[in-house]
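Trainee: structure of the sequence below:
(2 chains)
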Amino acid sequence: MKLEMRRALARESYEEKIRKAGQLIALARAFPRRAAAHVRPSAPMILSESQIPYRTKRSKG
Amino acid sequence: MNEPSSAIPLADVLRAANGLVEAKLIEDYAIGGALAAIHYVEPFATYDADIFFIPADKGLTAGIPAIYAHLKSRGWQVDREHLMVKGFPVQFLAAQGLTEEAVREARRIKFDGIPAKVFGAEHIVAIAASVGRNKDIVRIEQVLQQADLDKILLEKILQRHKLKLPKI
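Mentor: The predicted structure follows:
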């Protein structure tokens, strides 16, 4: 996705973005293999947090 | 075991967190983690909510047993380290150091009319730099590209906590 489109999404209201994040969770659950095949920073709309490989031991932040 | 929920019940989480402040079980709180990042960048999937709090109880447990008891009495369920609301996992994390500063300096917002606080974009970047997992580096890149950052404030936070941004 082009950076301008991503910035436009970023400017939407927080409520709208949280609603869309919920839709992305549903998509990632419906198409888990497709999501796993897109583990790269340029595709964050499909990427889910749990699908990014950890580089170091998990700690919260 | 709860069925996993796709919708993010953030309003319920914030009402509960405000209730914890009113009950004096916590001093203050702010949304952190991925849900805080979404305040500043495009939406992305995340599977839990991180609420960082400043404990009212300064003891070793940070008042966590009382927090769990309070939320369980209001219908929340416990699944391992998470509290579950409407099937969505929520972690209440005692803030300290950089995260305590992030709570104290968090941005005041309203979500569906509910007052709340969310970590500032500069603190999100600094915390991600301090943790340094792959997903944190992705988060730093997203925030730097998409958010209106106060770069002077970010630099001050990084210096104060002896942090450096990773090479992206």
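Trainee: does chain B have contacts with stretch A:11-25?
Mentor: Yes - using C-beta under 8 Å from any C-beta of the partner chain, stretch A:11-25 reaches chain B at A:E12, A:Y14, A:E15, A:K17, A:I18, A:R19, A:K20, A:A21, A:G22, A:Q23, A:L24, A:I25. All C-beta spots, glycine's among them, are computed from the backbone N, C-alpha and C.
Trainee: buried residues in that stretch?
Mentor: Residues A:Y14, A:K17, A:I18, A:K20, A:A21, A:G22, A:L24, A:I25 are the ones in stretch A:11-25 that count as buried (16 or more other C-beta atoms under 10 Å in any protein chain shown).
Trainee: in CSV: those, plus pLDDT and secondary structure.
Mentor: CSV is the format used below for the buried residues of stretch A:11-25 (pLDDT from 0 to 100; DSSP: H, G, I helix; E, B strand; the rest coil):
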residue, pLDDT, secondary structure
A:Y14, 98, helix
A:K17, 97, helix
A:I18, 97, helix
A:K20, 96, helix
A:A21, 96, helix
A:G22, 95, helix
A:L24, 94, helix
A:I25, 91, helix
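Trainee: residue contacts, the residue nearest the centre of chain B?
Mentor: The centre of chain B sits closest to B:G32, judged by C-alpha atoms, centre = their mean, with a distance of 2.0 Å. By C-beta atoms under 8 Å, 6 or more residues apart in numbering or on different chains, B:G32 lies in contact with A:G61, B:D50, B:I51, B:F52, B:L93, B:T99, B:A102, B:F119, B:I124, B:I127.
Trainee: closest to B:A23 among the residues you listed?
Mentor: Distance ranking of these against B:A23, using C-beta to C-beta, places B:I51 first at 14.8 Å.
Trainee: give me the pLDDT value at that closest one.
Mentor: On the pLDDT scale, B:I51 is placed at 98.
Trainee: beta-bridge partners for it, please?
Mentor: Using DSSP bridges, the bridge partners assigned to B:I51 are B:I31, B:F92.
Trainee: enumerate every residue touching it.
Mentor: Taking C-beta under 8 Å, 6+ apart, we find B:I51 in contact with B:V13, B:A17, B:Y29, B:A30, B:I31, B:G32, B:V90, B:Q91, B:F92, B:L93.
Trainee: pull out the buried members of those residues.
Mentor: Taking 16+ other C-beta under 10 Å as the criterion, what is buried in these is B:V13, B:A17, B:Y29, B:A30, B:I31, B:G32, B:V90, B:F92, B:L93.
Trainee: you'd agree the third one is up against B:A17?
Mentor: Yes - B:Y29 is in contact with B:A17 according to C-beta atoms under 8 Å; the separation is 4.9 Å.
Trainee: which residues do those two both contact?
Mentor: B:I51, B:F53.
Trainee: could I get the contacts of B:I51 as TSV with pLDDT?
Mentor: Putting the contacts of B:I51 into TSV (pLDDT from 0 to 100) gives the following:
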residue	pLDDT
B:V13	97
B:A17	98
B:Y29	98
B:A30	98
B:I31	98
B:G32	98
B:V90	96
B:Q91	96
B:F92	96
B:L93	96
